[in-house]
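In: How does the following fold in three dimensions:
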Amino acid sequence: MTAIRLTRMGKKKKPFYRIVVTDSRKRRDGGWIESIGYYNPIDSDKTVKVDEERLNYWLSVGAQMSDTVKKITGK
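Out: All right, here's what the predicted structure looks like:
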């Protein structure tokens, strides 16, 4: 089963997250299939960029979004 979720990047105390498609059995920061966007909670406007076309593709083939990604993307 595939999942769309966040993987943590960045330095200590300065998180930066990629929105990735991965096997749901892998660890949070384990290998992933495809990166489809990013989320930066440190910016004043909390920057979010998502490739909508790829997100819709992965949802159409059965990938499940995590609760956090649902909240961030508004889907």
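In: can you pull the pLDDT of the closest residue to residue 49 other than its chain neighbours?
Out: Of all residues not flanking residue 49 in the chain, residue 37 sits nearest, at 5.1 Å (C-beta to C-beta, 6 or more residues apart in numbering). Glycine gets a C-beta too; all of them are placed from N, C-alpha and C. Listed pLDDT for residue 37 reads 95.
In: Assess the claim that residue 37 and residue 17 are in contact.
Out: No: here residue 37 does not reach residue 17: they are 9.3 Å apart, not a contact under C-beta atoms under 8 Å.
In: my read: residue 46 touches residue 39, true?
Out: Yes: the pair residue 46 / residue 39 is scored as a contact, 7.5 Å apart, by C-beta under 8 Å.
In: which one of the two has more residues nearby?
Out: residue 39 (20 against 10; other C-beta atoms under 10 Å).
In: just to revisit the earlier point, helices or strands next to the helix or strand where the residue nearest to residue 49 lies in the packing?
Out: For residue 37, the element it lies in under DSSP states H and E is strand 34-40. Counting by 3 or more C-beta pairs under 8 Å, 6 or more residues apart in numbering; DSSP states H and E, the packing neighbours recorded for strand 34-40 are strand 14-23, strand 47-50, helix 52-60.
In: highest average neighbour count across the ones you listed?
Out: Most buried of the helices and strands packed on strand 34-40, by mean neighbour count (mean count of other C-beta atoms under 10 Å): strand 14-23, with a mean of 18.
In: The residue nearest the centre of the chain and residue 57, how far apart?
Out: Residue closest to the mean C-alpha point of the chain, counted by C-alpha atoms, centre = their mean, is residue 19 at 1.9 Å. According to C-beta to C-beta, to the nearest Å, residue 19 and residue 57 sit 14 Å apart.
In: Residue 39 too?
Out: Separation of residue 39 from residue 57 (C-beta to C-beta): 19 Å.
In: before we move on, what about residue 26?
Out: In this view, residue 26 and residue 57 are 20 Å apart by C-beta to C-beta.
In: Give the burial count for residue 13, as a bare number.
Out: Residues near residue 13, counting by other C-beta under 10 Å: 6.
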